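Student: next come a sequence and a model predicted from it.
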Amino acid sequence: MPKIIGGSLHEHRVRTRQQLFAALASLMAERGFDAITLADIAATAGIGRTAVYNHFADKESLLLEFIAHETQQYVEALEAALSGVTDPVAQVRTYVRQQTQLAHAFHPGSGTDLRPMLSRGTRPRLRDHAVDVEAILRRIVAAGIASGAFPEQDLDTTVSLVHACLTGRGVPADGPAREHTLEATEAFVLRAVGARVPALA
């Protein structure tokens, strides 16, 4: 019988999944998704290969669960950052800055395109995780339109274009260059949704 991690079966399951997620993230950073196997992930996580199948049928299933987990963590952090921020312009600025934190988590838009590496049935599900994140931006822009801060516009188009812009853009890790890039990105996105913002110095 496999050794139980933690004080209960539930805790064992949660901690095992966390170890597998961490192993997947580490191996993807080193080799890329297509160059690793479920056996590699199990070995890196310190979990028996057969035990992995109690949690995931294959590495694509593991990947999708990892994306869902990372997205949930990100959405919670984003909502916490937006809590108490009522001005639509300030909300957009907060959203932009929070999006830059996706570099520290998994996000298809922030790295290699995984779609060619996945089966046809899995590819469409890569976008599932983005729905909750885009819903927050949609809520912000809609509130801005209702308040008169932003002009009337097609929300579907605006949200799609802004989200694509943010997830496809790299930001310096630190220093003045990072702050300048963030300020420029904020200004660009605010103009994209129709807000009036002063020109950067």
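Tutor: It's in.

Student: what residues of the strand or helix carrying residue 73 count as buried?
Tutor: Secondary structure assigned from DSSP states H and E places residue 73 in helix 59-82. Buried positions in helix 59-82, judged by neighbour count with 16 or more other C-beta atoms under 10 Å: 59-60, 62-67, 69-71, 74-75, 78, 82. C-beta coordinates here come from the backbone N, C-alpha and C atoms, glycine included.

Student: what residue ranges in the protein score low on pLDDT?
Tutor: Regions of the chain meeting the criterion pLDDT under 70 cover residues 1-7, 101-117, 124, 168-169, 172, 199-201.

Student: how does it look with 90?
Tutor: When residues are selected by pLDDT under 90, those of the chain lie in 1-14, 25, 28-35, 48-55, 57-61, 63-75, 77, 97-134, 163-185, 196-201.

Student: what are the ranges of the helices in it?
Tutor: For the chain, the helices defined by DSSP state H cover 9-31, 38-45, 49-52, 59-82, 88-99, 130-147, 155-167, 175-192.

Student: save the ones you listed as JSON lines, and put in distance to residue 121 too.
Tutor: Output for the helices of the chain, formatted as JSON lines (distance: least, C-beta to C-beta, whole Å):
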{"stretch": "helix 9-31", "distance to residue 121": "20"}
{"stretch": "helix 38-45", "distance to residue 121": "17"}
{"stretch": "helix 49-52", "distance to residue 121": "20"}
{"stretch": "helix 59-82", "distance to residue 121": "9"}
{"stretch": "helix 88-99", "distance to residue 121": "29"}
{"stretch": "helix 130-147", "distance to residue 121": "18"}
{"stretch": "helix 155-167", "distance to residue 121": "23"}
{"stretch": "helix 175-192", "distance to residue 121": "34"}
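
Student: quick one: closest of those to residue 119.
Tutor: helix 59-82 (6.4 Å; C-beta to C-beta).

Student: contact partners of that closest one?
Tutor: 17, 20-21, 24-25, 33, 36-38, 41, 52, 55-56, 91, 94-95, 97-98, 101-102, 105-108, 114, 118-119, 122, 125-126, 128-130, 132-133, 136, 140 (C-beta atoms under 8 Å, 6 or more residues apart in numbering).

Student: can you show me the CA trace of that helix as PDB?
Tutor: What follows is helix 59-82 as a C-alpha-only set of coordinates in PDB (Å, rounded to 0.1, in the frame of the first residue of the first chain):
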ATOM      1  CA  LYS A  59       0.100  14.200 -19.000                       C
ATOM      2  CA  GLU A  60      -2.400  16.200 -20.900                       C
ATOM      3  CA  SER A  61      -5.000  15.700 -18.200                       C
ATOM      4  CA  LEU A  62      -2.300  16.800 -15.600                       C
ATOM      5  CA  LEU A  63      -1.600  19.900 -17.700                       C
ATOM      6  CA  LEU A  64      -5.200  20.900 -17.900                       C
ATOM      7  CA  GLU A  65      -5.700  20.500 -14.100                       C
ATOM      8  CA  PHE A  66      -2.500  22.400 -13.500                       C
ATOM      9  CA  ILE A  67      -3.800  25.300 -15.700                       C
ATOM     10  CA  ALA A  68      -7.100  25.300 -13.800                       C
ATOM     11  CA  HIS A  69      -5.300  25.300 -10.500                       C
ATOM     12  CA  GLU A  70      -3.000  28.200 -11.500                       C
ATOM     13  CA  THR A  71      -5.900  30.100 -12.900                       C
ATOM     14  CA  GLN A  72      -7.900  29.800  -9.800                       C
ATOM     15  CA  GLN A  73      -5.000  31.100  -7.700                       C
ATOM     16  CA  TYR A  74      -4.500  34.000 -10.100                       C
ATOM     17  CA  VAL A  75      -8.200  34.900 -10.100                       C
ATOM     18  CA  GLU A  76      -8.300  35.000  -6.400                       C
ATOM     19  CA  ALA A  77      -5.200  37.200  -6.200                       C
ATOM     20  CA  LEU A  78      -6.700  39.500  -8.900                       C
ATOM     21  CA  GLU A  79     -10.000  39.800  -7.100                       C
ATOM     22  CA  ALA A  80      -8.100  40.600  -3.800                       C
ATOM     23  CA  ALA A  81      -6.100  43.300  -5.600                       C
ATOM     24  CA  LEU A  82      -9.300  44.800  -7.000                       C
END
